[in-house]
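Q: structural data only, the sequence is not supplied:
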């Protein structure tokens, strides 16, 4: 339930179109930053308040997959944003959606450790990398600005770059992980 508009702004009747947008934070396919999924036209008299309710179903989080000939939802975080336009968003919330659709991602060496952490096999691998990274490049006091910067750096690092850094992971480890990830989802690696 979202209350986004009231008539206390002036002595005149107000009209607004309240728009709800959904943005997929980590889609495996190219999608817009946010997509309009619902809207409601609202009229308010001076001093009046109204609550606007939106219901989101599977389609609000889905994209069309020609491969599956169906709408598909991927597990992950989505941003829900509400406002009078895509450039005037007044409310935002982040939600996690658990998909019942098959995993569509084809994993390759461009995958980052942050992306891997959203997959059970990848999360275990990413967790095993952190101590090796610290042993090779040093570690910082937990909670320090340096430690936070290091965590962001590691999370955004593609696997191919970790191999090139030497000493953290080998190409054979990456190849084995990608084979497991892609084998589990029934997809061949590109």
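A: Done, it's in. Just so you know, these numbers come straight off a predicted model, no measurement behind them. Numbering: from 1, shown residues only.
Q: which parts of the chain are helices?
A: Secondary structure of the chain by DSSP state H: the helices cover 113-116, 120-137, 145-155, 159-165, 171-184.
Q: columns mean neighbour count on top of those, output as JSON lines?
A: (Each C-beta comes from the backbone N, C-alpha and C, glycine too.) Below are these laid out as JSON lines (neighbours: other Cβ atoms under 10 Å):
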{"stretch": "helix 113-116", "mean neighbour count": "20"}
{"stretch": "helix 120-137", "mean neighbour count": "15"}
{"stretch": "helix 145-155", "mean neighbour count": "13"}
{"stretch": "helix 159-165", "mean neighbour count": "16"}
{"stretch": "helix 171-184", "mean neighbour count": "15"}
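Q: the most centrally placed residue in the chain - nearest residue in space that isn't next to it in sequence?
A: Compute the mean C-alpha point of the chain, and by Cα atoms, centre = their mean the closest residue is residue 25, 2.3 Å away. Distances taken as Cβ to Cβ, 6 or more residues apart in numbering put residue 77 closest to residue 25, at 4.5 Å, once the chain neighbours are dropped.
Q: same question, residue 60
A: residue 37 (4.5 Å).
Q: thinking again about what came up before, tell me who's in contact with the residue nearest to the centre of the chain.
A: 76, 77, 78, 79, 94 (Cβ atoms under 8 Å, 6 or more residues apart in numbering).
Q: look up how far residue 152 lies from it.
A: Distance of residue 25 to residue 152, given as Cβ to Cβ, to the nearest Å: 15 Å.
Q: next: residue 141.
A: From residue 141 over to residue 152 (counting by Cβ to Cβ), the distance is 16 Å.
Q: show me what contacts the spatially closest residue to residue 132 that is not a sequence neighbour?
A: Counting by Cβ to Cβ, 6+ apart, residue 168 is the residue found nearest to residue 132 once chain neighbours are left out, at 5.3 Å. With contacts defined as Cβ under 8 Å, 6+ apart, residue 168 is in contact with 129, 132, 133, 136, 162.
Q: need those in a markdown table with pLDDT, can you?
A: Formatted as a markdown table, those follow (pLDDT from 0 to 100):
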| residue | pLDDT |
| --- | --- |
| 129 | 81 |
| 132 | 81 |
| 133 | 78 |
| 136 | 77 |
| 162 | 85 |
